[in-house]
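Trainee: okay, here's the prediction I keep looking at, along with the sequence it came from:
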Amino acid sequence: MSLPRVVAVAPGSPAERAGIEAGDEVLQLNGEVPRDILRWRWLTDEPEVEVELRRGGLETTVTVQKAAGEPLGAEVASALFDQLRTCDNHCEFCFIYQLPPGLRRSLYLKDDDYRLSFLYGNFTTLTRFTEADLERVIDEGLSPLNVSIHATDAEVRSRMLRNRRGATSLRWLRALLDHGVTVHGQVVVCPGVNDGAVLEDTLTGVLDQYPELATLCVVPLGVSRFNREAAMRPHTTAEAAAVLDTVHGWQDCFRAVLGRRLVFAADEYYLLAGRSFPDADAYEGFPMHEDGIGMARTFELEFTGRVTEAAGVQSGFFAWVDGAPGAGYRAPRNPAGSTGLRVEGASGPGAAPVALLPSRRAPIGVLTGRYGADVLRPLLATLDRDDVRVIEVDNEFFGGNTGVAGLMVGEDLTRVLGGEPAGHRYLLPDVCLSEGRFLDGATPDELPRPVEILPTDGIALRRALTVGVAA
C-alpha cells in the first residue's frame with residue numbers, strides 16, 4: 001500500500017496554515033491510514049484533523065484547525081492509495097486487449113473498481129464486489145455508480161465476460177438499487193452476440209428486475225486493428241439502424257410504464273445509421289453525456305449559444321489512468337495557470353508563449369476524429385465562413401472503427417498536420433490529452449504545426465472562432 005503524497009497546497013488553506021507542504025507523505029489522518037481519496041475526504045471533514053507526516057525522512061505530526069466540512073486544501077498525487085481492484089473478466093470485446101504494443105504500462109491495466117466508478121465514471125461489472133463494498137457504498141453515500149450489464153440473461157452475460165461470476169454478480173446491482181444507490185447501466189452491443197433478440201431480452205430484464213436504474217446506455221462495440229477475436233466486428237449500417245429501432249421502441253415502453261425513457265443509444269449509432277440525432281428534450285437532461293449519449297446534441301446547443309454553460313469536463317477514454325485529478329473526473333485537468341495554447345518554441349503544453357501565434361485572421365482548421373467531423377461539418381457550415389474548415393484525422397494508429405476525438409494520437413496528428421500549410425490556426429480538443437500527452441506518449445510540442453488546445457465543448461470552439469484565443 002502506497003502513502004498519499006501531497007503535490008499541492010492551496011494558499012491560505014487550513015493545510016497551509018498548519019504547515020503541510022508539497023512533497024509531504026501522509027502516514028495517518030486522525031490515527032487511520034487512508035486507503036483512497038474517498039476515505040481521505042471523510043477523515044478530513046472534521047473540524048480538527050491530526051495529520052502524521054513524513055518529510056525528508058523525518059516523521060512529524062501537525063494539527064489542522066478548520067471549520068467542519070471545510071476542505072483541507074491539500075491535493076494528493078492519486079485517487080487510490082491501496083491496491084487497485086483489477087478486472088478478472090476476459091471479455092472478448094474489451095478495448096484494453098486491442099491496444100497496440102509499446103504504450104505506457106498504465107494503459108494496459110484493467111480495473112473493475114467501484115471507487116473509480118464513483119470518482120471517474122468508469123464502469124464496473126460487479127464480479128469482484130463484496131458485502132464489505134456494499135456496506136461502504138451505503139455508509140459513505142458513494143452514488144452514483146456505473147455498472148456494465150451487457151445482458152441480463154445469466155448464461156449470455158457469463159459467456160460475454162468469460163467469467164462464471166458474471167452469471168450471478170448482478171445480484172449486487174439489485175442490492176445497490178434496494179439501498180437507494182443511483183446506478184447508470186451500460187450495454188456494449190456486439191453484433192451477433194447480444195444484439196437482436198438478446199438485446200430485446202436484456203431490456204425486458206431491466207424492466208422486470210432493475211426498473212430503478214437511472215439510465216441505461218447502449219453503445220457499439222469498438223474494434224481496433226489489433227483485435228484478435230474473430231467474432232468481434234463493427235456494426236453494419238443495417239445493424240446500427242436495428243439497434244436504434246429497438247432502443248426507440250423500448251423508450252416508448254419505459255415511458256408508458258415508468259414515466260421516463262430510461263434507455264438511450266450512443267451518438268455513434270445515429271452516425272452509423274445515417275439518422276438525425278433526437279431533439280434535446282429526448283435526452284431527459286443528458287444524464288449520460290460523459291458516455292457519449294447526447295454529446296453531439298449538447299455540443300450543438302453550446303455552439304449555437306442556446307446554452308451558456310458547458311455541460312462539463314469530457315475526460316477521454318483513459319482519463320483516470322494518467323494525470324487524473326484525485327477529486328474526480330469533473331475536476332479541472334489542465335495545470336493551474338495554463339493558457340491552453342501551444343506555440344513554436346514553448347517548453348511544454350500550457351507553457352508561456354515565446355512566439356506569436358498565427359494571426360487571428362488566418363484560416364482555421366478544426367482537428368477532430370471521424371465522428372466529430374460528421375458532427376462539426378454541418379455546424380460550421382451555418383457560419384457561412386470560407387476560412388474555417390474541419391480537418392478529419394483518420395485514426396490509423398488504432399485502426400478498425402476507431403473514430404472518436406478522444407483517441408486521436410500524436411502519430412496521426414503529425415501525419416495530417418505535416419500536409420497542412422504553415423501560418424494557419426489549428427484547434428485541438430483537449431479530450432485527447434491526459435497530463436499533456438496523447439495516448440501514444442507524444443506531446444503537442446512535437447507536432448509539426450502550432451495548435452491551440454481548447455476545452456472539448458461548443459462554447460469554447462465558438463469563442464475560439466470569434467475571439468481567436470481559447471477561453
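Mentor: Received it, and whenever you're ready, just let me know what you need. None of these values were measured; they are calculated from a predicted model. Residues are numbered from 1 along each chain as shown.
Trainee: and the residue in the chain sticking out farthest from the centre, what are its bridge partners?
Mentor: Distance from the C-alpha centroid of the chain peaks at L58, with 38.7 Å (Cα atoms, centre = their mean). Beta-bridge pairing of L58 under DSSP bridges involves R55.
Trainee: gap between it and E52?
Mentor: Distance, L58 to E52, using Cβ to Cβ, to the nearest Å: 12 Å. C-beta here means a position set from N, CA and C on the backbone, and glycine is covered the same way.
Trainee: I figured V62 hits R55, correct?
Mentor: No: V62 lies out of contact with R55 (Cβ atoms under 8 Å); the separation is 10.1 Å.
Trainee: how close does L447 get to G406?
Mentor: 17 Å.
Trainee: which parts of stretch 200-219 are buried?
Mentor: 202-203, 205-207, 210, 212-219 (16 or more other Cβ atoms under 10 Å).
Trainee: now for the residue nearest to G166 when sequence neighbours are not counted: which residues touch it?
Mentor: Of all residues not flanking G166 in the chain, S158 sits nearest, at 4.1 Å (Cβ to Cβ, 6 or more residues apart in numbering). Going by Cβ atoms under 8 Å, 6 or more residues apart in numbering, S158 touches 164-167.
Trainee: return the member of the residues you listed nearest to D394.
Mentor: Within the contacts of S158, the smallest distance to D394 is 35.5 Å, found for G166 (Cβ to Cβ).
Trainee: burial of that closest one, as a residue count?
Mentor: Residues near G166, counting by other Cβ atoms under 10 Å, number 24.
Trainee: that one reaches R157, doesn't it?
Mentor: Yes: assessed by Cβ under 8 Å, G166 is found in contact with R157 at 4.6 Å.
Trainee: now do the helices in the stretch 351-471 of the chain.
Mentor: 370-381, 410-417, 458-466 (DSSP state H, counting those that start in this stretch).
Trainee: comparing these, which yields the minimum mean pLDDT?
Mentor: Across the helices of the stretch 351-471 of the chain, helix 458-466 has the smallest mean pLDDT, namely a mean of 93.
Trainee: longest single helix anywhere in the chain?
Mentor: helix 237-258 (DSSP state H).
Trainee: which elements pack onto it?
Mentor: Using 3 or more Cβ pairs under 8 Å, 6 or more residues apart in numbering; DSSP states H and E, the elements in contact with helix 237-258 are helix 196-209, strand 215-220, strand 263-265, helix 267-273.
Trainee: can I get the ones you listed in JSON lines including mean pLDDT and distance to D111?
Mentor: Listed next are those as JSON lines, based on pLDDT from 0 to 100; distance: least, Cβ to Cβ, whole Å:
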{"stretch": "helix 196-209", "mean pLDDT": "98", "distance to D111": "24"}
{"stretch": "strand 215-220", "mean pLDDT": "97", "distance to D111": "18"}
{"stretch": "strand 263-265", "mean pLDDT": "98", "distance to D111": "24"}
{"stretch": "helix 267-273", "mean pLDDT": "96", "distance to D111": "23"}
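Trainee: so which of the ones you listed is nearest R105?
Mentor: From the helices and strands packed on helix 237-258, taking Cβ to Cβ, the stretch that ends up closest is strand 215-220, at 26.6 Å.
Trainee: can I get the closest one as PDB, trimmed to CA atoms?
Mentor: C-alpha atoms of strand 215-220 as PDB (Å, rounded to 0.1, in the frame of the first residue of the first chain):
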ATOM      1  CA  THR A 215     -30.300   5.300 -17.100                       C
ATOM      2  CA  LEU A 216     -29.200   2.500 -19.500                       C
ATOM      3  CA  CYS A 217     -26.800   3.500 -22.300                       C
ATOM      4  CA  VAL A 218     -26.500   1.200 -25.300                       C
ATOM      5  CA  VAL A 219     -23.100   1.700 -27.000                       C
ATOM      6  CA  PRO A 220     -21.500   0.000 -30.000                       C
END
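Trainee: and it, how far out from the chain's middle?
Mentor: On the basis of Cα atoms, centre = their mean, to the nearest Å, strand 215-220 sits 15 Å off its chain's mean C-alpha point.
Trainee: quick one: strands adjacent to it?
Mentor: Strand 215-220 is paired, per DSSP bridges, with strand 183-189 (parallel), strand 263-265 (parallel).
Trainee: quick revisit: let me know the distance separating the residue farthest from the centre of the chain from L27.
Mentor: 12 Å.
Trainee: can you classify T63 as helix, strand or coil?
Mentor: strand (DSSP: H, G, I helix; E, B strand; the rest coil).
Trainee: could you list the low-pLDDT ranges of this protein?
Mentor: Applying pLDDT under 70 to the chain picks out residues 1, 312-360, 467-471.
Trainee: could you redo the last one with a cut-off of 80?
Mentor: Where the chain drops to pLDDT under 80, the residues are 1, 83, 310-361, 467-471.
Trainee: let me see the domain layout of it.
Mentor: Here the domain parsing of the chain from automatic domain parsing is 6-76, 96-293, 316-471.
Trainee: lovely, talk soon.
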